[in-house]
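In: With the sequence up front, the predicted model follows.
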There are 2 protein chains.
Amino acid sequence: MRKIIERDKIEHNKKTTSLYETLFHNANGYIGIRGCLEEEVPADWDTMRGTYINGFYDIIPMKQAENLCNFVEEKQTMLNVADTQTIRLIIDNETFSLDKGKLWKNTRTLNMEEGYTLREVVWESPKGKKVQIKVKRMASFSQLTLFSMEYEVTALNFTGNIKIESYHIADVTNYSNSNDPRMAAESARHLILQDMIVTNDESIAVSKTQKSNLTMCSMVVHKVQGNASTFAKKEGNKGIYLVEARVEEHSKLTLEKYSVFTDSIRYDNVVEAAKTDMEAILKNRLAYYYEKQKIYLAHFWKQTEVEIYGDEGVNQAVNFNMYQLLQSAAKDCHCNIAAKGLSGEGYEGHYFWDTEMFLLPFFILTNPDLAKMLISYRYDTLDAARENAGRLGHKRGALYPWRTITGVECSGYFPSGTAQYHINGAVAYAVVNYYLTTGDLNFIVEKGAEIIFETARLWLDVGNYSKGKFVIHDVTGPDEYTCMINNNYYTNCAAKYNMRWAAKIYELLKKNALIEKLSETLTLTEKEIDEMKNAAHNMFLPYDEELGINPQDDSFLTKPIWNLEQTPKDDFPLLLHYHPLHLYRHQVCKQADTVLAYFLFEEEDDDIMKKSYEYYEKITTHDSSLSTCVFSIVASKLGMHQKGYDYFGDSAKLDLENTHGNTKDGIHTANMGGCYMAIVNGFAGLRIKEEGVSLTPFLPKEWKGYQFEFRYQGNLMKVIVLKDEVILKLQEGSETWVTIYGKKYLVKQKIEVRSKKNVASSYL
Amino acid sequence: MRKIIERDKIEHNKKTTSLYETLFHNANGYIGIRGCLEEEVPADWDTMRGTYINGFYDIIPMKQAENLCNFVEEKQTMLNVADTQTIRLIIDNETFSLDKGKLWKNTRTLNMEEGYTLREVVWESPKGKKVQIKVKRMASFSQLTLFSMEYEVTALNFTGNIKIESYHIADVTNYSNSNDPRMAAESARHLILQDMIVTNDESIAVSKTQKSNLTMCSMVVHKVQGNASTFAKKEGNKGIYLVEARVEEHSKLTLEKYSVFTDSIRYDNVVEAAKTDMEAILKNRLAYYYEKQKIYLAHFWKQTEVEIYGDEGVNQAVNFNMYQLLQSAAKDCHCNIAAKGLSGEGYEGHYFWDTEMFLLPFFILTNPDLAKMLISYRYDTLDAARENAGRLGHKRGALYPWRTITGVECSGYFPSGTAQYHINGAVAYAVVNYYLTTGDLNFIVEKGAEIIFETARLWLDVGNYSKGKFVIHDVTGPDEYTCMINNNYYTNCAAKYNMRWAAKIYELLKKNALIEKLSETLTLTEKEIDEMKNAAHNMFLPYDEELGINPQDDSFLTKPIWNLEQTPKDDFPLLLHYHPLHLYRHQVCKQADTVLAYFLFEEEDDDIMKKSYEYYEKITTHDSSLSTCVFSIVASKLGMHQKGYDYFGDSAKLDLENTHGNTKDGIHTANMGGCYMAIVNGFAGLRIKEEGVSLTPFLPKEWKGYQFEFRYQGNLMKVIVLKDEVILKLQEGSETWVTIYGKKYLVKQKIEVRSKKNVASSYL
């Protein structure tokens, strides 16, 4: 399956400028560069000209309108760092720009097999000179500090002077939009240039943050193919590399631009590190890194690819999503996966529960080592979570921050931020999920158990007994359209799971004589473990007899139902058009967290889940990008296959088709992970529990079949779902029991398991 | 009874500086001047050097840490205006200051019969020169724009040169304290000096606000008694008037300083207005205004005085409180009564529900005309309240702002601000209370009905039916230690009262053929009135069978009880030491709003009220200054006389004894009104309802008796409560039926009604 995304339009639409910046951004988990037009755009076009380093941030004050006790008063924000993508082109004194002259070709391409983006333009200047411009860009997976550009200009109908001005701009600020709560409200100069040296060979800029005391270095080297004169100069805080050549008709001038980014979180000496990397890079040059990129991606696709037979469009969207997850995910322990990856400044580069609940499932199944590293980030920030719990008045346990970069709470409006205690459940769930899938007991001993105990403890301090049931007050569930509610079904399920697993892990470690040291460190007693068991056992899960559904919280069903039919289309997403109090007072969901709980915690029988699903479906706006994928998974789970497929479709193309209208601010990584789950956990019904692996696949009628691979306890399995059979293969590893449609099969190497069933028929 | 408050200490305590600034401030409802030391204080003494004009404000941005839809983004703040109280004294080159030399006398006095404050100091300079300084200050009730000072220096043991530098400082900023949510967090220069003219005869400063486009003028004229040379100069934004004289031993030098304040809210030309007033003032001079002040206060005390026989200390405190209410209350329609009156910058000069629920009862009973004006303020700001309702998503009705100056919502943290919808009930209650007490139907027709209809309408939009009952979600009751709760008992009672009275007023106006025009203007139909009746009739009021009490809200009783006994003393008030989420998650009250509801709405029978009272008493911290007076009133109501008296004691001396520790930021006007109610409605059991006036007095055993007067429908009544009888006299007006201990008496002029009963015995 070719993995190419193309956008081909002769007319350049200035409205899509920032959208394409997101879709065609280059990232590798360490750096991310938005796919901006090299030549910059006219002032009235919306653009977010950004380059980011994962986890590189500054601290900015977050003044509270009324500052109550222990409110968060500053936040971290991901910084836009030096711009090295700007290149101006001048053809015999005419400057190339999309808003003048004539376009003959205007194509943007993302090649996900080879890991680059390509921009191809054929442009005729106002004076009639036609040039072809090709720009190939890459954020290298094999050399994380490297961002490369290959800028090639061909004179199509003239012989003349071609001049390229290539910039290295250290003077940058972040994007801001004070009208959208999802974006930073204020722009400020966070990076202060310390030093910039520009020579004919290289330019190096070193900048320091205002408050977080971090330093970063950007280094740029140019190489020219063809005869040209070159000249470098420094203008203010910009390095400019000038290339000038007389180019014959049908000939071309090519500039290679190597940018290396280093930062003081990873390197003691950012300049030395940049120089060392650059030296190595220049020894090998671009072709080498293109090849390495290809190999890296071949390996990636081999272990992750989902193939869909009979629907190339959807398959392409799924591939796009997985590729973006790869681009977004941290490749080292200093950071994580931001809500928008490294593709834009939406949510300020913060990490949310999205990582654990929507992204890790993909990595745990396809790349457990990376998953382990991502979970370790939570272990490394456990102390900050303990402090956060203390700030909220808790006497024990840890509370993970709702949004953060280094582990410190950065949420300014606590009712739909810090009050989302369920993030604790998400982190614990990820640890358990990782453990069940990999069997990696070492990780539990070293890090996982401590996370689970500390998160579980918090619930004991948050909740209390009322009439014999363990109840939890004043928390906010994933659905932010009600806040500070009592007994949020989702949260209570998550707390129950968290505490139940704390007890299980305790028993497991005890059995293996591994608990003693940790118990001592944490002053954890069997009594406390018993408290957890009891609280989990007696956890109150709201249920309404009359409707036969699980209310989202204690008071949800007594509120009036929001009239979605009579809500003007322009009023969505509701959060941008209604005061939160008005939303809180209605039965209306941004995403239905009860439905999500059905997938993750599976506490109820099918009848309740179906009734609830139908109930919530009617009142959910899907204003959250985390919503449709969940509705898909649970529809599949409940045998509502057509719904499962339809919601999956909404989810799969969310960014590629910009269905939420805000992809310009960055990709929606959680939805991308959710889209993967909608296939693997939804359509194929994959579950990994203590009892083992099970599958209950069905085939959407729009497809001819689909296949994917996943890793389970060291084994690599391949699942092929066809119209009338499910085929299971052990690709690597040793024989394993797998349950398909409730029947157990021993999967061995070189022997396919075939479960014959007309899987497509069930919903026809 | 002499109405003198005195503080006499030889040692000046720098810690009490700002406390005394509040206790000895001069105000008349229009201007307020804190009782600062004229000579200014050393830099390390806490001081809030303030002069205020009621309703004179600037607009400042109120940035939200995360700005959700329709959040309030700017607020009004009462401004500190020109400082005219500063006077420096130099005795033969030694400058008078409390932190050097020796104090022989150091007294502050508030004379509430004559309406002035007096400061008396006998000071010996480091070089041994002894002077007596007397400063008499007055904010004139008869000439609201006038603040006067009489600065008198007597040479006690020397003959020498005495120099007085009297300042008029136009360069002022507001006080700020970023650590206390009850104070403004930031200080900024709001007033920009436009013009300052200083001549030997007068100095005039005109300043303009930064954003609210208001102007104010301060004008100062000095008059010297005795032989002295004088000289005026301008230094920067200060006018300085210099007086120098050779003073013989035992002789004195006296300076009269007249300050006039005018503002563009009240006057078209602030300078002309100031000049006109000053001209008139100077014709009459100080003695005239002292006399007018005395007459004004004699009249005030005549109609308001509460006399207590046998406890001068408490009587003094009660007088102090009533005097402060007089100083604080607006005297024109452009403003109202700030939470701290005009005595300090706490709560930024904002008006709250305090006016309606705690202050108006006093004014309605003693000064109905002033009360009418104060309620009219709400009528004048009804459009702003309608806008506020719209901002919150309501399609009909008006929602009064939680805190405001001009009627615009100024609350930055909506969960314990805007969400306090019960303010609507408070405004409606005040209209009804005024109407029942005065019988002023005209006011209802002109203003009151519209207020009641518009506030009642809102409840229909806020609440909804659930299982046949009318329920109200996501509001905050007066007790801010839980927020955004469902079916807050107090709020539901207030809504019920509001809607029930809307229906009654509708019927009343209809009966008098006065409804047509208003119905048309408001598009109010009988159908909507029926909706109100039904909602009121079916209002859900939480009741717990098991405990036999009214829970504060739906979920209150399922929360854990805060352990007050084990809470360190330094942790009070809790709001300054615990994150709101932590407070919200516990049964703990800043003030018990259910108990308040028992006084105002009287929905339950005694048994439930008693059980509830005892329940809430155990979990109430009284961190709010609105708490103890309410506990007193309801204890009295329920026959718990000793408790009634004890809580009254806490309330009566709250500011005079600084029991909350923050009187330095300003007086607690609501508590002062509550203290009055604790006597009149509490001890004497005065109720005015549709059925008429009733009394159920008791006499605290600590007292020999007490008496007070009140106005009822044009009549002035006097109530005397003695150990064994209650005496009722009609002072003015026509015969009226009054119920005493359930028995009806016709009260006529010149005939005393005596109800014999051993009222003191009931609690012995």
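Out: Okay, I see it. Nothing here was measured: the structure is a model prediction, and the numbers come from that model.
In: and the longest helix for chain A?
Out: Looking only at chain A and at elements set by DSSP state H, the helix with the highest residue count is helix A:270-304.
In: what's downstream of that one, the next helix or strand?
Out: The C-terminal neighbour of helix A:270-304 among helices and strands, as given by DSSP states H and E, is strand A:307-309.
In: got the contact list for A:Arg585?
Out: A:559-560, B:462, B:473-474 (Cβ atoms under 8 Å, 6 or more residues apart in numbering or on different chains). C-beta: built from backbone N, CA, C; applies to glycine.
In: so where is the stretch 651-764 of chain A shaky, pLDDT-wise?
Out: In the prediction, the stretch 651-764 of chain A carries residues with pLDDT under 70 at positions A:758-764.
In: Roughly how far does A:Glu450 sit from A:Ile375?
Out: 12 Å (Cβ to Cβ, to the nearest Å).
In: Would you mind listing the buried residues in the longest helix of chain A?
Out: Buried residues in helix A:270-304, defined by neighbour count with 16 or more other Cβ atoms under 10 Å in any protein chain shown: A:270-271, A:273-275, A:277-278, A:281-282, A:286, A:289-290, A:292-294, A:296-297, A:300-301, A:304.
In: Same question for stretch A:237-253.
Out: In terms of neighbour count (16+ other Cβ under 10 Å), stretch A:237-253 has its buried residues at A:237-243, A:245, A:247, A:252-253.
In: returning to that earlier point: between A:Glu450 and A:Ile375, who's got more neighbours?
Out: Residue environment comparison for A:Glu450 versus A:Ile375 gives the larger neighbour count to A:Ile375, 26 against 20, counting by other Cβ atoms under 10 Å in any protein chain shown.
In: On the pLDDT front, check that one for me.
Out: With respect to pLDDT, A:Ile375 has a value of 98.
In: SS state for it?
Out: Reducing the assignment to helix, strand or coil with DSSP: H, G, I helix; E, B strand; the rest coil, the entry for A:Ile375 is helix.
In: cool, and A:Arg88?
Out: Per three-state DSSP, the secondary structure class of A:Arg88 is strand.
In: for A:Ala535, same thing?
Out: Assigned state for A:Ala535: helix (three-state reduction, three-state DSSP).
In: what sits against the residue lying closest to it once chain neighbours are set aside?
Out: The spatial neighbour of A:Ala535 that comes closest, neighbours along the chain excluded (Cβ to Cβ, 6 or more residues apart in numbering or on different chains), is A:Phe470 at 4.4 Å. Neighbour list for A:Phe470: A:463-464, A:534-536, A:538-540 [criterion: Cβ under 8 Å, 6+ apart].
In: tell me which element A:Phe470 falls in.
Out: When secondary structure is defined using DSSP H and E, the element that contains A:Phe470 is strand A:469-471.
In: Give me the mean pLDDT for that strand.
Out: When pLDDT is averaged over strand A:469-471, the result is 98.
In: Now do A:Ala428 against chain B, distance only.
Out: Relative to chain B, A:Ala428 is positioned 21 Å away (Cβ to the nearest Cβ, to the nearest Å).
In: what separates the nearest residue to that residue once chain neighbours are set aside from A:Phe698, distance-wise?
Out: Distances taken as Cβ to Cβ, 6+ apart put A:Asn498 closest to A:Ala428, at 4.2 Å, once the chain neighbours are dropped. Look at A:Asn498 and A:Phe698: by Cβ to Cβ, they are 31 Å apart.
In: ok, now A:Tyr151?
Out: 49 Å.
In: Leaving out sequence neighbours, find the closest residue to A:Leu695.
Out: When the adjacent residues along the chain are set aside, A:Leu695 lies closest to A:Ile740, with 5.0 Å between them (Cβ to Cβ, 6+ apart).
In: What is the burial count for the residue in the stretch 251-400 of chain A positioned nearest to chain B?
Out: Closest residue of the stretch 251-400 of chain A to chain B, Cβ to the nearest Cβ: A:Gly393 (3.1 Å). Per other Cβ under 10 Å, the neighbour tally for A:Gly393 reads 19.
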